[in-house]
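>>> predicted model follows, preceded by the sequence.
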Amino acid sequence: MRRAFTLVELLIVIGIIALLLGLALPSLRGARDVAKMSKELSLARQMMIAYQLRTEDHKGYLMAGYPPAPAINDAPLAYDEVGNPVQAPASRRYPWRFLSYLDFNLEGLYTEKSRIEEMREEDLWGYHYAVSVAPSLGLNQSFVGGSADGDRTSVAFNPQAREVWGSGWYAKKESDVERPSMLMVFASAQSSFAVEGGVQLNGSYKVTPPYFVEREWDLEPPSQVADGASATGNISLRHQGKAVVGLFDGHAEAFDWEQMQDMRHWAPIADMKDWTLPDPRSQ
C-alpha cells in the first residue's frame, strides 16, 4: 500500500525549505549588491578612460563642469548623437560635452535609460534635459575643471574669487594635479529630477564638496532617499554604505562616509581632511 505524507511531515518539509531560503536570501542579496558595485566600478573606470582621452584632445585642459553662459552668437557647446545642437543650460552640464567619448552609450550611466531613450522621439528638448541632469556618476566640478553653476562652491570663473584666492585653488590643467591617485573626478551621485509623464530620474551631474570656506554638508551620512541627498553634496552611499569614485589617475574605488569627507580627495591643494579655502569675510 502506497504511503502518503502526513500533515506533520509536510509542515516539517515546508519549515525546512523556509529555513534554507531564509539562510540563502541574505547571501543572494549580498551577491547582488556586490554585482551592482562591480558594475559601477567598471563604469567609473570607463568614464576615467574617456575623461583622459578628452583631456588629451584639449591639450591638457580639463573639462569645465559647468562653463560660463555662452554668448548669443557663440557656436553650441555640444551636439547630440545625430548632430542636433544641444541648447544651454543642458549643454553646460557635463554629460553632453562628454558623451561622444563614450560613443553616446547611456548603458549603466542612467537608471531610467529606456525611458530617456523613448523621449528622443517624443520630446527632443526633454531628452536633452534628462541626459544632462541625471547620470549616476556626478562630477567634482567645484575643484576639477571649475564651475559657474548656481551653488556656493561653483565660483571658479568669478573674477572676485580669483582676486581672493588666485587661480591655483582648482585644477584647470592636467599639470595642476600633483596627487592624481587621490583626486576624485566622478562619484556615485543621487538627486531627483521630474520629467515628462511624471517619471523621476535619480542621479546628478554634480557632486559638491563637504567643505568650501566652511562646512557645507550635514554631519550625518546621506539618506538613500534621493530628495535628502542635496544636504550631503548629492553623494550616494548606495553600495553598502560606500560610493564608487573615479580617481584622476584612472582607477576606481569604493569610498565610505569618512573617506568621502576627506578634502584631500576633492581639492588639488588640500593638505588636511577638513581643509577649507580662506573665508573672504575674514580678509
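Arrived safely.
>>> check contacts around residue 125.
Counting by Cβ atoms under 8 Å, 6 or more residues apart in numbering, residue 125 touches residue 87. Placement of C-beta: from N, CA and C, glycine included.
>>> chain center to the helix or strand that contains it, what's the gap?
Using DSSP states H and E, residue 125 sits within helix 124-133. Relative to the chain's own centre, helix 124-133 is displaced by 17 Å; criterion: Cα atoms, centre = their mean, to the nearest Å.
>>> stretch 172-185 now?
18 Å.
>>> next, the buried residues of that stretch.
For stretch 172-185, a neighbour-count test (16 or more other Cβ atoms under 10 Å) marks 172, 174, 176, 177, 182, 183, 184, 185 as buried.
>>> average pLDDT for it?
Averaged across stretch 172-185, the pLDDT comes to 97.
>>> ok, which stretches of the stretch 1-150 of the chain are strands?
Counting by DSSP state E, counting those that start in this stretch, the stretch 1-150 of the chain has strands at residues 78-79, 85-86, 137-139.
>>> show me what the second one is in contact with.
Think strand 85-86. 76, 77, 78, 79, 80, 91, 96, 128, 132.
>>> next up, phi/psi of the second one, please.
The phi and psi torsions at residue 77 (degrees, to the nearest 10) take the values phi -70, psi -20.
>>> what's the pLDDT at it?
Residue 77 carries a pLDDT value of 94.
>>> buried residues of stretch 200-219, list them for me.
For stretch 200-219, burial by neighbour count (16+ other Cβ under 10 Å) applies to 201-213, 216-217.
>>> is the closest residue to residue 40 other than its chain neighbours in a helix, a strand, or coil?
Ranked by Cβ to Cβ, 6 or more residues apart in numbering and with sequence neighbours excluded, the top spatial neighbour of residue 40 is residue 244, at 4.4 Å. Using DSSP: H, G, I helix; E, B strand; the rest coil, the structure places residue 244 in strand.
>>> number of nearby residues for residue 244?
Residue 244 has 28 neighbours, counted by other Cβ atoms under 10 Å.
>>> what of residue 34?
Neighbour count for residue 34, taken as other Cβ under 10 Å: 12.
>>> over to residue 145?
24.
>>> next one: residue 276
With other Cβ under 10 Å as criterion, residue 276 counts 17.
>>> could you find the closest non-adjacent residue to it?
The spatial neighbour of residue 276 that comes closest, neighbours along the chain excluded (Cβ to Cβ, 6+ apart), is residue 211 at 4.8 Å.
>>> name the residues linked to that neighbour by a beta bridge.
Residue 211 has these beta-bridge partners by DSSP bridges: residue 215.
>>> so where's the chain uncertain?
Residues of the chain meeting the criterion pLDDT under 70: 1-5, 24-25, 27-30, 197, 223-230, 281-283.
>>> ok, so of the buried residues of stretch 200-219, who is nearest residue 136?
Nearest to residue 136 among the buried residues of stretch 200-219 is residue 203, at 4.9 Å by Cβ to Cβ.
>>> surely that closest one meets residue 189?
Yes: at 5.9 Å, residue 203 counts as touching residue 189 under the criterion of Cβ atoms under 8 Å.
>>> overlap in contacts, these two.
Joint contacts of residue 203 and residue 189 (Cβ under 8 Å, 6+ apart) are 135, 136, 138.
>>> adding distance to residue 165 and neighbour count, write these out as a markdown table.
Output for those, formatted as a markdown table (distance: Cβ to Cβ, whole Å; neighbours: other Cβ atoms under 10 Å):
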| residue | distance to residue 165 | neighbour count |
| --- | --- | --- |
| 135 | 29 | 27 |
| 136 | 31 | 21 |
| 138 | 23 | 27 |
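>>> nearest to residue 9 among those residues?
When those are ranked by distance to residue 9 (Cβ to Cβ), residue 136 comes first, at 50.0 Å.
>>> excluding sequence neighbours, find me the nearest residue to the closest one.
residue 203 (4.9 Å).
>>> no further queries at this time; thank you.
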